[in-house]
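Undergrad: build me a model from this:
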Amino acid sequence: MKKNIAIIMGGYSNEYKISLKSGNVAYKHLNSNKFNLYRIHILKDKWVYVDANDAESPVDKSDFSIIENGHKIKFDCVFNAIHGTPGEDGYLQAYFNLIGITQTACDFYQAALTFNKRDLLSTLKPYGIKAAASYYLNKGDVVNEDEIINTVGLPCFVKANKAGSSFGISKVHKKEDLPKAIENAYLADDEIIIEAFLDGTEVSVGVIMYNGEPKVLPITEITTENDFFDYEAKYEGKSQEITPARITKEQEEKVSNIALRVYKILKMKGYSRSEFIFVDNEPFMLEMNTTPGLTEESILPQQAAVAGISLSQLFESAITEALR
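TA: This next block holds a predicted model:
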């Protein structure tokens with residue numbers, strides 16, 4: 001009997017439009033001969049099932065079920081395509097865990113931890129995972145500009161601590177630009193991470209569960225026309241994503257081993273995509289995404305394609321692993 005699969009998309013963050021694209025790509029490429037596929041939009045103002053004609057009907061949040069043609073539909077598995085809150089920060093993972101429905105992303109603790117850049121890097125530091133020098137602020141903290149610059153130097157990056165898709169990020173070259181960058185980051189989050197600028201090659205490393213084992217995908221090198229890999233570079237064609245990356249064999253092995261080690265240390269499941277910058281041949285970790293973009297142009301699908309894994313295989317594997 002075919003399994004009922006809910007593909008959740010949308011979310012409550014600025015990334016909801018990107019998530020809707022990811023969810024619809026999964027809906028298009030998953031094999032409808034193997035699965036009964038249902039698109040579920042989870043948005044701030046509504047949770048709805050969207051049928052093939054784009055008609056909407058409500059989701060019963062008490063058991064995450066829908067009514068279709070007078071019949072109650074319950075789900076065997078949830079395919080999570082939500083970037084940002086509540087699909088990438090642990091809220092939905094905890095909800096599905098409580099009501100007993102398996103889902104394709106990592107567990108709720110890992111989601112909450114990895115969504116918080118500060119906590120992730122602090123957790124990994126005792127394991128020898130290198131990261132940039134950093135300074136943290138919570139909304140309402142006194143801002144000591146001299147102390148910040150003494151800690152991280154200039155230029156530096158001011159980032160929202162819990163936000164994806166490069167929202168709330170600025171590169172600061174001069175001390176007088178710091179207050180505006182901090183104000184901008186607070187628009188996206190109430191916690192800020194300020195990091196030293198690392199001058200080197202940026203790479204993205206995907207790790208997925210595939211055939212019951214964690215698998216490192218071919219590495220992507222990221223170059224940008226802009227000052228850094230901001231929203232415009234990421235989504236408006238101002239960057240180049242080169243897979244496989246133009247790095248040495250030694251660098252490839254080093255960063256692959258670290259990405260795999262981090263995946264295992266954190267007891268990850270599902271997809272992960274970690275960002276690193278090479279400085280003097282050493283990879284420094286920036287962050288980890290646990291529901292990365294899944295459109296045809298997104299980095300993880302590009303990496304899977306180079307590895308000989310089609311989109312339908314990539315998406316089906318996530319469901320297979322979740323149901324395992």
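Undergrad: so where's the stretch 151-300 of the chain uncertain?
TA: For the stretch 151-300 of the chain, the stretches flagged by pLDDT under 70 are 164-166, 226-238.
Undergrad: what residue in the protein is the furthest from its centre?
TA: residue 70 (36.6 Å; C-alpha atoms, centre = their mean).
Undergrad: return the distance of it relative to residue 33.
TA: Distance check for residue 70 against residue 33: by C-beta to C-beta, to the nearest Å, it reads 25 Å. Every residue, glycine included, has its C-beta placed from N, CA and C.
Undergrad: centre-most residue in this structure?
TA: Closest to where the C-alpha atoms of the chain average out (C-alpha atoms, centre = their mean) is residue 289, at 2.7 Å.
Undergrad: what about the residue nearest to it when sequence neighbours are not counted, which SS state?
TA: Distances taken as C-beta to C-beta, 6 or more residues apart in numbering place residue 273 nearest to residue 289, at 4.7 Å, with adjacent residues excluded. At residue 273 the chain is in strand, as set by DSSP: H, G, I helix; E, B strand; the rest coil.
Undergrad: residue 273 reaches residue 206, doesn't it?
TA: Yes: counting by C-beta atoms under 8 Å, residue 273 does reach residue 206; the two are 4.9 Å apart.
Undergrad: who has more neighbours, these two?
TA: Neighbours were counted for residue 273 and for residue 206 using other C-beta atoms under 10 Å; residue 206 has more, 26 against 23.
Undergrad: quick one: that one is in a strand?
TA: Yes: counting by three-state DSSP, residue 206 is found in a strand.
Undergrad: show me how far stretch 12-19 is from its chain's centre.
TA: 12 Å (C-alpha atoms, centre = their mean, to the nearest Å).
Undergrad: cool, stretch 67-85 as well?
TA: In terms of C-alpha atoms, centre = their mean, the centre of stretch 67-85 is found 21 Å from the chain centre.
Undergrad: what comes up buried for that stretch?
TA: Within stretch 67-85, the residues that count as buried by 16 or more other C-beta atoms under 10 Å are 75-85.
Undergrad: can you show me the strands along the stretch 201-324 of the chain?
TA: Ranges of strands within the stretch 201-324 of the chain are 201-210, 213-216, 220-224, 239-242, 272-279, 282-289, based on DSSP state E, counting those that start in this stretch.
Undergrad: any chance of TSV for those, columns distance to residue 29?
TA: Converted to TSV, those look like this (distance: least, C-beta to C-beta, whole Å):
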stretch	distance to residue 29
strand 201-210	15
strand 213-216	19
strand 220-224	20
strand 239-242	20
strand 272-279	18
strand 282-289	20
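Undergrad: looking at these, which is nearest to residue 255?
TA: Closest to residue 255 of the strands of the stretch 201-324 of the chain, according to C-beta to C-beta: strand 282-289, at 4.3 Å.
Undergrad: mind listing what's buried in that closest one?
TA: Using 16+ other C-beta under 10 Å as the test for burial, strand 282-289 gives 283-289.
Undergrad: and the lengthiest helix in the chain, what does it pack against?
TA: Taking DSSP state H as the criterion, the chain has its longest helix at helix 249-265. If you count contacts as 3 or more C-beta pairs under 8 Å, 6 or more residues apart in numbering; DSSP states H and E, helix 249-265 packs onto strand 201-210, strand 213-216, strand 272-279, strand 282-289.
Undergrad: out of those strands, which comes closest to residue 16?
TA: That would be strand 282-289 among the helices and strands packed on helix 249-265, by C-beta to C-beta, at 15.7 Å.
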